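A.B. asks: Sequence first, predicted model second:
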Amino acid sequence: MFRPTEREAATGTPIPGPEAQQNVALSTALEAGPSSPRAVAERVASAAACDVVVAADLDAPFIGPTSVYGRGLADEAAWRTAIRVAAQVANAAPRSRGDSWAGSLAELSGGRGDTAILGGARAVLVILRSEGGRPRTLVVAARREGEFGDAERRAMTAAAARPEPRDPVIVAALEAVASRTGVPLGLLHAGKLMWAAGPLWRALGLEGGARLGRAFAHGGAPAAAGRLEDAARTTGPGADLDITSLPGELQLLQATRPADVARSARLDELGRRWRLSPAERAELQHLMLGLSCKEAAARLGVSPETIRGRRKQIYRKARVGGAGPLRALLDGVTDDEDALGGTNTAVSA
């Protein structure tokens, strides 16, 4: 990241005053530029030959599509890899050596390694970049042929170093409140999740996650964040949050109906089990809210026929006959999906 004088020289524009800089500090921690996960991954890959490099921003609220960049892996595989490695790093609690830590996956898992991560890789290097004792960046680099030499490890660790934005004062204050009271709080900026307290993730049914830095590592976190953002945009059924508007495009969230958020967590579980596409998962949410095809189409800006097609695919994958049996399943009336599939063979929308 440019220092102020360097950035002014590079862009030819004056540096914003203190008020503008404060507004920038209240924006999301992930920024497109020299500090982005993509830039970190590219720098590490240029320091040594790698088949795969994944970089995750641990100052983002969760490890997911918007906070992870992968080179040599599909997007979803990249952030799922970052989630699994972040969980191992959090459990291992490696000590930072100066401003960074670097080691093999086997070191993190007590010598056993994890062949399920980056299958086919002969060498896996994990780099944890810290600032002030707080983890800020996670990098996973893999090579299918040959090991990483000591000089390569040093060069890759140096390449992963980057300055990070400091936490806004409001985030630090809310973090302290949530940790002391257990209140499930979250914060949106410009409609996107900026921060979420541990109790909020638990209220959403996401148990067994791990924290590393400010990021929350759990496979269901991206979908849960999407639900929070969607709920903040609507006042209709299923908006299971108290929302308070704050200056600077900020919104303070508090989960209020645990039964509803638990049911939403079940929706995510079923979406993974039925192998639904992202569009189908979003439509499953609309079905849970009781929206008609016309209402769902208006919300997404697509035709009702498109919505009907998605719903038919959901019914087929869930092996149910229509919207009624599916809603019963989502509401937890029955867990016997085979029985539901035989109750009604007519596909309805």
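C.D. replies: Alright, I've got the coordinates.
A.B. asks: what about the protein, any weak spots by pLDDT?
C.D. replies: For the chain, residues meeting the criterion pLDDT under 70 lie at 1-35, 95-99, 109-119, 162-168, 235-240, 257-266, 268, 330-349.
A.B. asks: Output the contacting helices and strands for the lengthiest helix in it.
C.D. replies: Longest helix of the chain, by residue count under DSSP state H: helix 75-92. Judged by 3 or more C-beta pairs under 8 Å, 6 or more residues apart in numbering; DSSP states H and E, helix 75-92 is in contact with strand 52-57, strand 68-71, helix 105-108, strand 123-131, strand 134-143, strand 210-212, strand 215-217. The C-beta positions use only the backbone N, C-alpha and C, and glycine is treated the same way.
A.B. asks: who's in contact with that helix?
C.D. replies: 54, 56, 58, 63-65, 67-70, 73, 105, 107-109, 114, 116-118, 126, 128, 135, 138, 140, 209-212, 215, 217-219, 222 (C-beta atoms under 8 Å, 6 or more residues apart in numbering).
A.B. asks: Filter those down to the buried ones.
C.D. replies: 54, 56, 58, 63-64, 67-70, 73, 105, 108, 117-118, 126, 128, 135, 138, 140, 209-212, 215, 217-219, 222 (16 or more other C-beta atoms under 10 Å).
A.B. asks: Now tabulate the helices and strands packed on helix 75-92 in a markdown table and tack on distance to residue 329.
C.D. replies: Shown next, in a markdown table, are the helices and strands packed on helix 75-92 (distance: least, C-beta to C-beta, whole Å):
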| stretch | distance to residue 329 |
| --- | --- |
| strand 52-57 | 34 |
| strand 68-71 | 32 |
| helix 105-108 | 39 |
| strand 123-131 | 40 |
| strand 134-143 | 37 |
| strand 210-212 | 30 |
| strand 215-217 | 28 |
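A.B. asks: Residue 203 is nearest to which of these?
C.D. replies: Of all those, strand 215-217 sits nearest to residue 203, with 12.7 Å by C-beta to C-beta.
A.B. asks: Quick check: the nearest residue to residue 105 once chain neighbours are set aside vs residue 181, distance?
C.D. replies: Counting by C-beta to C-beta, 6 or more residues apart in numbering, residue 105 lies nearest to residue 124, which is 4.3 Å off, once chain neighbours are set aside. Per C-beta to C-beta, to the nearest Å, residue 124 is found 40 Å from residue 181.
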